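J.: Build me a model from this:
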Amino acid sequence: MTQLHIAARSVELSALTKRFGRTTAVDGIDLALDGGVVGLLGPNGAGKTTLLRMLATVLAPDAGSLRLLGLDPARPDERLELRRRLGYLPQAPALYGSFTALELVDYVAVLKEHTDRDRRAQECTRVLDLVGLGDRRNSRIRALSGGMRQRVALAAALLGSPDLLVLDEPATGLDPEQRLELRSLLADTATRGTVVLSTHNTAEVAALCQRVVVVTAGSVRFEGTPAELRGLAEGRVWESPIADPRATRSWMTADGAFRNLGDLPAGVAPSPATLDDGYFLAVRSGR
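T.: Here you go, the predicted structure:
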């Protein structure tokens, strides 16, 4: 079947909206993304998972428009083509415990219409090797650790070298070494397409992402580079021996001093801002 490879932005959202009863989970989001690794930050309940599920074509929006890889998922033929070129890792992937790792990935490959048995076997082996599970391919899912199960689900998402990879908290259950391996894997994947991932870890964003989107209450509060997000807090951070009552927020650091964030008091020297500082200010801008 001829594939519809259309030169276009990877993600184009216009007034995208999703409601659940009286709750608006995604509230008129406009966003355009094209290439690289994009980090999605936001507090719990901000609408990140709902947004990612729409990007993965699991949910349909209630209003607004959504185009992915130049295709409209509202059109059945284009949605089918899109799913061939899309990889998705949900926040809590449901895996069949009686399957082996290889059987689970092969099952997903069949669903994605990898019809040639020999090529499908090679592809399943390739992605399991990519996530470091080549030697556990014949282990039952129920016998694997939580981190290994997460990597099986990631392997399934990587089938076919997707042009758009959507990952909801991909580092969940991974140890520090595996997190570093994940960074390398996603950085390599992003050289050929777009990776959109949600995380609560700003260190992951700083180390991996070319762009960052901060979402609160279903709306985008910031979109730009990690350096630009950090820049929101430049000149608004200072340290003191006790919590400064003039600060918007204060917390004790490892050395016992207090770090303060807010409007810099007169005569006080600012401290270097961090990504966490900028994220906090971006979140507060929506309150």
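
J.: Gly132: neighbouring residues, count only.
T.: By other CB atoms under 10 Å, the residues close to Gly132 number 16. Where you see a C-beta, it was placed from the backbone N, CA and C, and this is true even at glycine.

J.: who are the neighbours in contact with Ala46?
T.: 215-218 (CB atoms under 8 Å, 6 or more residues apart in numbering).

J.: All the helices of the stretch 51-200 of the chain, in order from the start?
T.: 76-84, 101-111, 117-130, 146-157, 176-190 (DSSP state H, counting those that start in this stretch).

J.: Give me the buried positions along the shortest one.
T.: It refers to helix 76-84. 78-79, 81-84 (16 or more other CB atoms under 10 Å).

J.: Can you list which of the contacts of Ala46 are found in helices?
T.: Among the contacts of Ala46, no member falls in helices (DSSP state H).

J.: give me every residue that touches the residue nearest to the spatial centre of the chain.
T.: For the chain, the residue nearest the mean C-alpha position is Leu197 (0.9 Å; CA atoms, centre = their mean). Listed by CB under 8 Å, 6+ apart, the contact set of Leu197 reads 37-40, 166-170, 186, 209.

J.: possible to save the residues you listed as TSV with neighbour count?
T.: Below are the contacts of Leu197 laid out as TSV (neighbours: other CB atoms under 10 Å):
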residue	neighbour count
Val37	24
Val38	24
Gly39	25
Leu40	27
Val166	28
Leu167	26
Asp168	23
Glu169	20
Pro170	25
Leu186	21
Cys209	27
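
J.: Could you export the residues you listed as JSON lines, including pLDDT and distance to Leu130?
T.: As requested, those are exported to JSON lines (pLDDT from 0 to 100; distance: CB to CB, whole Å):
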{"residue": "Val37", "pLDDT": "96", "distance to Leu130": "16"}
{"residue": "Val38", "pLDDT": "97", "distance to Leu130": "21"}
{"residue": "Gly39", "pLDDT": "97", "distance to Leu130": "21"}
{"residue": "Leu40", "pLDDT": "97", "distance to Leu130": "23"}
{"residue": "Val166", "pLDDT": "97", "distance to Leu130": "17"}
{"residue": "Leu167", "pLDDT": "97", "distance to Leu130": "14"}
{"residue": "Asp168", "pLDDT": "96", "distance to Leu130": "19"}
{"residue": "Glu169", "pLDDT": "93", "distance to Leu130": "19"}
{"residue": "Pro170", "pLDDT": "93", "distance to Leu130": "13"}
{"residue": "Leu186", "pLDDT": "92", "distance to Leu130": "11"}
{"residue": "Cys209", "pLDDT": "95", "distance to Leu130": "20"}
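
J.: Please convert those to JSON lines, extending it with distance to Ala269.
T.: Formatted as JSON lines, the contacts of Leu197 follow (distance: CB to CB, whole Å):
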{"residue": "Val37", "distance to Ala269": "35"}
{"residue": "Val38", "distance to Ala269": "35"}
{"residue": "Gly39", "distance to Ala269": "31"}
{"residue": "Leu40", "distance to Ala269": "34"}
{"residue": "Val166", "distance to Ala269": "43"}
{"residue": "Leu167", "distance to Ala269": "40"}
{"residue": "Asp168", "distance to Ala269": "41"}
{"residue": "Glu169", "distance to Ala269": "38"}
{"residue": "Pro170", "distance to Ala269": "39"}
{"residue": "Leu186", "distance to Ala269": "38"}
{"residue": "Cys209", "distance to Ala269": "30"}
